[in-house]
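Novice: All I have is the shape, not the residue letters:
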């Protein structure tokens, strides 16, 4: 479904992604891991088109999207939940959801109803402003807003950051249900190893803008964890 080939991405004169290649199959759940500053967020931003490629290519469903704008990639079926959630705090929960669907569906009410089936906690807060929600509720809203575009692939950047353990477990359950019932492919940047092991079936570890380890997550060894993930 997704084919990233030898991409290089810069921030100004600093090379952050230095020749990454990876493939993600339809229906797969991939965890992208690594310490702070190794290029995980940059990789997601390059896939959704926020950051341009210096070299290499990205294909989605066998079509080259390397030069497409973010809104075009979104219409192709890629949705992105950024780190920090970035919901609009002065809009209500319902208005945030509507913004996620305006450009993608003619049945806004129907899509909203379908998405809210996964997030019963949001149903009772539709008229509340997003900024007054708890961190866990805001994260659920950010995911729900992304789902309003009816995506085929969902990119999530640190979905457990700043969230209580009981809510993290709830989000893991919700994501698994979403993946199964909506036939979604998940690509998740995550530093919470316990969450990554629960939600993903495969992993990629980055270091200095390169892939240094990958494989089935159930085969991720303590040696690899200590070498590339331990702080």
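Specialist: Here it is on my side, so go on. This structure is a prediction, so every number in the text was calculated from the model and none was measured. Numbers count the residues shown, from 1 in each chain.
Novice: which SS state does the residue nearest to the spatial centre of the chain fall under?
Specialist: Here the mean C-alpha position of the chain is nearest to the C-alpha of residue 156 (CA atoms, centre = their mean), at a distance of 1.6 Å. Of the three states, residue 156 takes strand under DSSP: H, G, I helix; E, B strand; the rest coil.
Novice: Please determine how far the closest residue to residue 123 other than its chain neighbours is located from residue 26.
Specialist: Excluding its sequence neighbours, the residue lying closest to residue 123 (CB to CB, 6 or more residues apart in numbering) is residue 116, at 5.3 Å. Just so you know, the C-beta spots here come from the backbone N, C-alpha and C atoms, and that holds for glycine as well. In this structure, residue 116 lies at 25 Å from residue 26, with CB to CB, to the nearest Å as the measure.
Novice: repeat for residue 187
Specialist: Between residue 187 and residue 26 the distance, using CB to CB, works out to 12 Å.
Novice: Looking at those two, which one has more neighbours?
Specialist: The neighbour count for residue 187 versus residue 26, taken as other CB atoms under 10 Å, is higher for residue 187 (25 against 12).
Novice: Would you mind confirming that the more buried one is in contact with residue 157?
Specialist: No. Counting by CB atoms under 8 Å, no contact exists between residue 187 and residue 157, whose distance comes to 9.6 Å.
Novice: between those two, what contacts are shared?
Specialist: Jointly contacting residue 187 and residue 157 under the rule CB atoms under 8 Å, 6 or more residues apart in numbering are residue 44.
Novice: In this protein, mark out all the strands, start to finish.
Specialist: Listed in chain order, the strands found in the chain under DSSP state E are 2-11, 14-24, 29-33, 55-60, 63-64, 78-81, 153-157, 185-189, 202-207, 210-216.
Novice: Point out the one among the ones you listed that comes closest to residue 227.
Specialist: Of all these, strand 210-216 sits nearest to residue 227, with 8.2 Å by CB to CB.
Novice: list the helices and strands the helix of greatest length in the chain packs on?
Specialist: The longest helix of the chain (DSSP state H) is helix 165-181. Using 3 or more CB pairs under 8 Å, 6 or more residues apart in numbering; DSSP states H and E as the contact test, the elements touching helix 165-181 are helix 135-147, strand 185-189, helix 193-199.
Novice: Point out the other helices and strands that the last one packs with.
Specialist: By that I understand helix 193-199. Contacting helix 193-199 under the criterion 3+ CB pairs under 8 Å, 6+ apart are the following elements: strand 29-33, helix 165-181, strand 185-189.
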